[in-house]
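In: Just to be clear, the model below is a prediction. Sequence and coordinates:
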Amino acid sequence: MLPPDLVVERRIESREEDGRTVLLAPRFDGKLLGRLFRALFGQSFVKVKLDELGAHVWARCDGGTTVSEIARSLESDHDAEKARERMELFLDTLHRQGWVRYLQSRA
């Protein structure tokens with residue numbers, strides 16, 4: 001279980017495509033491989049399309065919203081316990097990939 005006072009901050013870009021949130025995940029960490037891949041194939045990232053819950057959580061990974069605030073924002077539209085479990089699994093996956101980082105809340 002994630003500490004409720006952690007703040008989540010994005011480390012990769014995202015955009016909206018066809019009404020869905022899409023993460024632009026880098027294919028390679030190194031700048032040289034990224035430039036080579038972009039030269040060969042036109043892009044150095046993979047598009048990751050998010051479902052509704054993922055997009056909701058991603059929108060709140062702004063570096064100022066705590067984990068508990070994100071969880072509370074899910075409660076009105078989803079089964080609270082299942083939504084919290086999915087949120088934590090999703091955030092853990094994003095964190096392991098290096099796509100978000102956890103910070104201590106300033107409050």
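Out: Great, that's in hand. Numbering: from 1, shown residues only.

In: So which elements touch the longest helix along the chain?
Out: In the chain, taking DSSP state H as the definition, the longest helix is helix 80-97. Applying 3 or more CB pairs under 8 Å, 6 or more residues apart in numbering; DSSP states H and E, one finds that helix 80-97 contacts helix 52-59, helix 67-75, strand 100-104. C-beta: built from backbone N, CA, C; applies to glycine.

In: Compare the mean pLDDT across these and name the weakest.
Out: Of all the helices and strands packed on helix 80-97, the minimum mean pLDDT falls on helix 67-75 (a mean of 90).

In: got the buried residues for that helix?
Out: 67, 70, 71, 73, 74 (16 or more other CB atoms under 10 Å).

In: Report the distance from the longest helix of the chain to the chain centre.
Out: Its chain's average C-alpha position is 10 Å from that of helix 80-97, according to CA atoms, centre = their mean, to the nearest Å.
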